[in-house]
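Asker: Fold the following, please.
(2 chains)
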Amino acid sequence: MRRTALTTTATVTGIVALLALKPHHGAHPAVSAQPVPGTDPVSGATAGPGGAGRTGTFTGDVIDTRYGPVQIAVTMSAGRLTAVEVLQVPSGNRRDREIASYAVPRLTDEAIGAQSADIDAVSGASYTSEGYTRSLQSALDKARA
Amino acid sequence: MPERRLREAERLRHTEHVMGTVFSFDLRHEPTRATRAALGEAVAWLHHVDRVFSTYRPDSAISRIGDGSMNVTDAPPEVERVLRMCERAESATRGCFSARAGRRLDPSGLVKGWAVEQAYGLLRTAGAPNSLVNGGGDIRLGGEPAPGSPWRVGVTDPCGPGRLLTTVEGRDFAVATSGGAERGPHILDPRTGRPAHRLLAATVTGPDLTWADSWATAAVVQGTDAHTWIATQPGYELLTVDLDGQARRSGGFPLAAATRAAPRAPGAALDG
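Answerer: You can find the predicted model right below:
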């Protein structure tokens, strides 16, 4: 099931597409985040304006959600996002950790096609998606600081 | 193909943080005094529901009934209605849904869907039948978004936050999703009192969000057996993602035409 090189590109594309529509402020859950067709998500994965393309691992803030803390770390290589790691998810249950850490590499691949369709709303668990997105955003902010 | 986009002047939108999540409203009508008033009423209603039904507020009627310091008869009348609906859900699901699954009284698995359904009813009555009310991912979609077009709803992939598994479409219907290891083991199996982990996610579509929400919660407890069970609930359809990430849907599950025919849309190249 696990994909390799292509998945990394897809993952980066997807995360950035997700974040591209997501203002840094506020507690909007991922339910409202939909990549817009026609944006160029890949360029967003590089360092911010003036950034020299940082390399290293950047740990996001711990975001407290109703279901527990969520924390994400990102690895950047020359300003490009190369990996996302889930450090904390709600529940210390091992099965959950396995699912969560398995889940992230799968983030966005062929379903990007479905996402870019014209949709009115998104149905799904939203709470730690929000925590996930906010922690990820804070990690990226640090990486680009 | 009919024009799906309406001018901003022809719709009314609002977002509200309440009940521990975000609710959004999207009325596909030119705003009138009546629809604006109904929107205000719907928002006030959600805050009322939160005050009465929150298990996170020790002073809510539900918490007080749960700890024995209040009688149901002394609570607002909707408490008894909700508890009766929970009993109906418990019986219909043969015990896979219960407001007493854990140690505390907790009708949350039904309350959000029911609250959204009532909020939508306020909008419809005020002359805005073509409206969407989204309660943190549990959605009532009234009428149609634009003349001749169905509503389209993305279903999140429990294996990838922010990613969509598929898209459903329809007119005047409801979509609810429950479950997810992503949220921790928050659904208990009422039969054992232990966390239910038989599915990563269950999405139910149907005419009424009260039941779609409850059936989605029950499906996570039932596991893939829920496909056999949902067939006994006319008008309701089911999509499940099992623990291995495999997605299954019931025969009538309203997948959007585009996602049925072509999973990858043109222009969605991954390498930019």
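Asker: so what's the residue in the stretch 151-272 of chain B that chain A sits nearest to bridging to?
Answerer: Going by CB to the nearest CB, chain A is nearest to B:T156 of the stretch 151-272 of chain B, at 2.8 Å. Just so you know, the C-beta spots here come from the backbone N, C-alpha and C atoms, and that holds for glycine as well. Beta bridges link B:T156 to B:L164, judged by DSSP bridges.
Asker: How many neighbouring residues does it have?
Answerer: For B:T156, the neighbour count with other CB atoms under 10 Å in any protein chain shown is 28.
Asker: Then the one 10 residues further on?
Answerer: Around B:T166 there are 21 other residues, counting by other CB under 10 Å.
Asker: you'd agree it is up against B:L255?
Answerer: Yes. The pair B:T166 / B:L255 is scored as a contact, 6.0 Å apart, by CB atoms under 8 Å.
Asker: For chain B, which segments count as strands?
Answerer: B:12-18, B:21-27, B:131-135, B:138-141, B:151-156, B:164-170, B:173-178, B:188-189, B:194-195, B:199-206, B:237-242, B:247-249 (DSSP state E).
Asker: The fifth one versus strand B:237-242: what angle between them?
Answerer: Read that as strand B:151-156. On the basis of axes from the mean of the first three to the mean of the last three CA atoms, to 10 degrees, strand B:151-156 is oriented at 20 degrees to strand B:237-242.
Asker: And the longest one, by the same measure?
Answerer: Our comparison of strand B:199-206 with strand B:237-242, counting by the same axes, to 10 degrees, yields an angle of 170 degrees.
Asker: which helices and strands sit right next to strand B:199-206?
Answerer: strand B:164-170, strand B:173-178, helix B:209-222, helix B:226-230, strand B:237-242 (3 or more CB pairs under 8 Å, 6 or more residues apart in numbering or on different chains; DSSP states H and E).
Asker: where does chain A have its least confident helix or strand?
Answerer: Lowest mean confidence among the helices and strands of chain A (mean pLDDT, DSSP states H and E): helix A:41-44, at a mean of 31.
Asker: What is the subsequent helix or strand relative to that helix?
Answerer: Per DSSP states H and E, the first helix or strand lying C-terminal to helix A:41-44 is strand A:56-59.
Asker: Now the closest residue to chain B within chain A. Nearest residue, chain neighbours left out?
Answerer: Closest residue of chain A to chain B, CB to the nearest CB: A:G124 (2.8 Å). Sequence neighbours aside, B:T156 is the residue nearest to A:G124 in space, at 2.8 Å (criterion: CB to CB, 6 or more residues apart in numbering or on different chains).
Asker: Correct me if wrong: the one you found contacts B:T166.
Answerer: No. Counting by CB under 8 Å, B:T156 stays clear of B:T166, with 9.8 Å between them.
Asker: contacts for the longest helix anywhere in chain B?
Answerer: Ranked by residue count and defined by DSSP state H, the top helix of chain B is helix B:33-53. Residues from elsewhere that reach helix B:33-53, judged by CB atoms under 8 Å, 6 or more residues apart in numbering or on different chains: B:12, B:14, B:16, B:18-19, B:23, B:25, B:27, B:29, B:57, B:60-62, B:75-76, B:78-79, B:82, B:107-108, B:111, B:115, B:118-120, B:122-123, B:125-128, B:133, B:135.
Asker: how far does it sit from the chain's center?
Answerer: Centroid displacement of helix B:33-53 relative to its chain, using CA atoms, centre = their mean, to the nearest Å, is 17 Å.
Asker: Same check on stretch B:209-219?
Answerer: On CA atoms, centre = their mean, the centre of stretch B:209-219 falls 7 Å from that of its chain.
Asker: mean confidence score for it?
Answerer: Averaged across stretch B:209-219, pLDDT comes to 95.
Asker: do stretch B:256-269 as well
Answerer: Per-residue pLDDT over stretch B:256-269 has a mean of 45.
Asker: one step back: among the contacts of helix B:33-53, name the ones in helices.
Answerer: Per DSSP H, the contacts of helix B:33-53 map to helices at B:61-62, B:78-79, B:82, B:108, B:111, B:115, B:118-120, B:122-123, B:125.
Asker: Quick one: which of these has the lowest pLDDT value?
Answerer: Lowest pLDDT among the ones in helices among the contacts of helix B:33-53: B:S108, with 88.
Asker: how much space is there between it and chain A?
Answerer: 11 Å (CB to the nearest CB, to the nearest Å).
Asker: just checking, that residue touches B:S60?
Answerer: No. Contact between B:S108 and B:S60 fails when scored by CB under 8 Å: they sit 11.3 Å apart.
Asker: quick one: B:T15 and B:S24 touch, right?
Answerer: Yes. Proximity of B:T15 to B:S24 meets the contact threshold set by CB under 8 Å, at 4.8 Å.
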